[in-house]
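sequence plus predicted model, see below.
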Amino acid sequence: MRELIVREFITLDGVIESPETWQFPYLSEDVAEQIQKDVHSAESMLLGRATYEIFAASWPLRTRNEFGVADKLNSEPKYIVTSSLDTVMWNNSRLIKGNIEMEIRKLKQQPGGAIQIVGSAMLVQTLMNICLIDELQLMVHPVVVGHGKRLFDDGITSSGLNLIEAKTFSSGVVLLRYKLEAARTTV
């Protein structure tokens, strides 16, 4: 069964919105290497509509292969969870509409490697609440921004987490990897 892995840049106060405004001062060489490794370890990407629209407006236009990931992101299969879009233009993108739980369960049971989710806070919360996420990988940045979309907002169901890795980078960023207890026993 394919694993569903959430990968987020996150501030100390839990914000994931607009990482371009706070993440770059902490983008050390070792952080960039980790990002490259993570992106290349997944076979496909699952995105919510808003994150898809941001990525689709940016990544296809990149002329240099930023951190070695532009070609990968542009070529890999992308699954977009939406109730409002009828078409998607980014290469290798497919819409997921209707019964999200059933569609994601089917996707996880197909042959293949890991599926990563980036951004997409509402989608992450929905999938956590129905126990479909296998792993959280949080790159915690040593900054407090005080406002913005938080990864864990009101309405998230309590989930048990098992720490499987904690790694500190030269810039003070800490990678925390957790397995979700409910995903292991439910899916």
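Sure, I can see it. Keep in mind that this is a model prediction, so the values were computed, not measured.

distance check, V6 against G146.
Here V6 is placed at a distance of 23 Å from G146 (C-beta to C-beta, to the nearest Å). For glycine as for every other residue, the C-beta is placed from the backbone atoms N, C-alpha and C.

which of these two has more residues huddled nearby?
Higher neighbour count among V6 and G146: V6, with 24 against 8, using other C-beta atoms under 10 Å.

and that one, what does it touch?
Neighbouring residues of V6 by C-beta atoms under 8 Å, 6 or more residues apart in numbering: Q116, I117, V118, V124, I133, E135, L136, Q137.

distance of G113 from R2?
7 Å.

quick one: which of the two has more around it?
Higher neighbour count among G113 and R2: R2, with 17 against 12, using other C-beta under 10 Å.

pLDDT score for the more buried one?
Note on R2: pLDDT of 95.

center of the chain, which residue is that?
Among the residues of the chain, the one closest to the centroid is V118, at 2.0 Å (C-alpha atoms, centre = their mean).

how about that one: what's its closest non-neighbour residue?
Distances taken as C-beta to C-beta, 6 or more residues apart in numbering put R7 closest to V118, at 5.4 Å, once the chain neighbours are dropped.

quick one: residues contacting that neighbour.
D38, Q116, I117, V118, Q137, M139.

does the third one touch L4 like I think?
Yes - counting by C-beta atoms under 8 Å, a contact exists between I117 and L4, whose distance comes to 6.8 Å.

so for those two, which residues contact both of them?
L46, L127, I133.

distance check, the last one against F169.
Here I133 is placed at a distance of 24 Å from F169 (C-beta to C-beta).

those two: who's more crowded?
Each of I133 and F169 has its neighbours counted (other C-beta under 10 Å); I133 has more, 26 against 19.

what sits against G14?
Per C-beta under 8 Å, 6+ apart, neighbours of G14: R150, L151, F152.

do I have it right that the second one meets D13?
Spelled out, that is L151. No - applying C-beta under 8 Å as the test, L151 and D13 come out as separate, 10.6 Å apart.

which of these two has more neighbours?
Comparing L151 with D13 by other C-beta under 10 Å, the one with more neighbours is L151, at 21 against 12.

how far does the biggest helix by length in the chain sit from the chain's center?
In the chain, with assignment by DSSP state H, the single longest helix is helix 29-41. Distance, stretch centre to chain centre, for helix 29-41: 14 Å (C-alpha atoms, centre = their mean, to the nearest Å).

what is the mean pLDDT for that helix?
The predicted model assigns helix 29-41 a mean pLDDT of 93.

what are the ranges of the strands in the chain?
Applying DSSP state E to the chain gives strands spanning 4-11, 44-48, 78-81, 93-96, 115-117, 135-141, 161-168, 174-180.
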